[in-house]
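S.K.: what follows is a predicted protein model with its sequence.
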Amino acid sequence: MMKKLFGSKDKVTPLHTTQDIITVDTPKKPKKPSRLSKFFSTLWGLNIHIDPPTPKWLKKLRRGSFIFKLQKLKDSKAWTALMISTTFYAIVADDINVLALPNTADPTIYWLYFVSLILFVFEISITILLQEGYFPGFFFFLDILAVASLIPYQPFVRDHLSLQYAKAGSIVR
């Protein structure tokens, strides 16, 4: 043990050895409620916690080394600028096309809609991999709804619909 703690020039031995030290586990942080449960609690005053389970295949994919590259891509300023401009294009391109552009510009406009659809699907895919609780959550379904609104502008769908409208018009006559 110890001879003297203070007042001695002798070497003082420690009070505790490494085996005597007791580690105390810090309590884990409580799990934050999902955005969907926050939405319901603020809207109606309900205290609902909806946390859908993450599928096993998604957990396995999130352990891949390419996840860091995807995170770097999604956080880059260039990607943010591209997605903002794509969103702006998806909102106003049809109005500008109708108001100011000739009919010869239609194929280009619709193919740019197709490119924007591909970019939005890619962004949703990245977000599924990177953001915990996004799939199958409330904002996932909102994004899917937004992407689905671009489908009627796709060239293959538009051409098929225009043929159907033409047939319906000839039947009415």
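M.R.: In hand now; what should we look at?

S.K.: span of stretch 58-65 from start to end?
M.R.: Stretch 58-65 has an end-to-end distance of 14 Å (criterion: Cα to Cα, to the nearest Å).

S.K.: and for it, what's in contact with it?
M.R.: Among residues not part of stretch 58-65, those counted as contacts by Cβ atoms under 8 Å, 6 or more residues apart in numbering are 67, 128-130, 135. C-beta: built from backbone N, CA, C; applies to glycine.

S.K.: right, and the helix or strand after the least confident helix or strand in the chain by mean pLDDT?
M.R.: Lowest by mean pLDDT, DSSP states H and E among the helices and strands of the chain is helix 35-44, with a mean of 63. Per DSSP states H and E, helix 35-44 leads on to helix 56-61 as the next helix or strand towards the C-terminus.

S.K.: contact partners of the one helix or strand residue 125 maps to?
M.R.: If you go by DSSP H and E, residue 125 is part of helix 106-130. Contacts to helix 106-130, defined as Cβ under 8 Å, 6+ apart, come from residues 58, 61-62, 67, 70-71, 73-74, 82-83, 86, 89-90, 93-94, 97, 101, 134-135, 140, 143-144, 146-147, 150-151, 153-155, 158.

S.K.: separate out the buried members of those residues.
M.R.: 74, 83, 86, 89-90, 93, 97, 134-135, 140, 143, 147, 150, 153-154 (16 or more other Cβ atoms under 10 Å).

S.K.: and the pLDDT at residue 33?
M.R.: Here, the pLDDT recorded for residue 33 equals 62.

S.K.: distance check, the closest residue in space to residue 154 that isn't next to it in sequence against residue 124.
M.R.: Ranked by Cβ to Cβ, 6 or more residues apart in numbering and with sequence neighbours excluded, the top spatial neighbour of residue 154 is residue 114, at 5.6 Å. From residue 114 across to residue 124, the span is 16 Å (Cβ to Cβ, to the nearest Å).

S.K.: element containing residue 92, please.
M.R.: helix 77-100.

S.K.: what helices or strands is that helix leaning on?
M.R.: helix 106-130 (3 or more Cβ pairs under 8 Å, 6 or more residues apart in numbering; DSSP states H and E).

S.K.: direction-wise, compare whichever helix or strand comes after the helix it packs on with helix 77-100 and give the angle.
M.R.: Remark: after helix 106-130, the chain's next helix or strand is helix 138-148, criterion DSSP H and E. Counting by axes from the mean of the first three to the mean of the last three Cα atoms, to 10 degrees, helix 138-148 lies at 40 degrees to helix 77-100.
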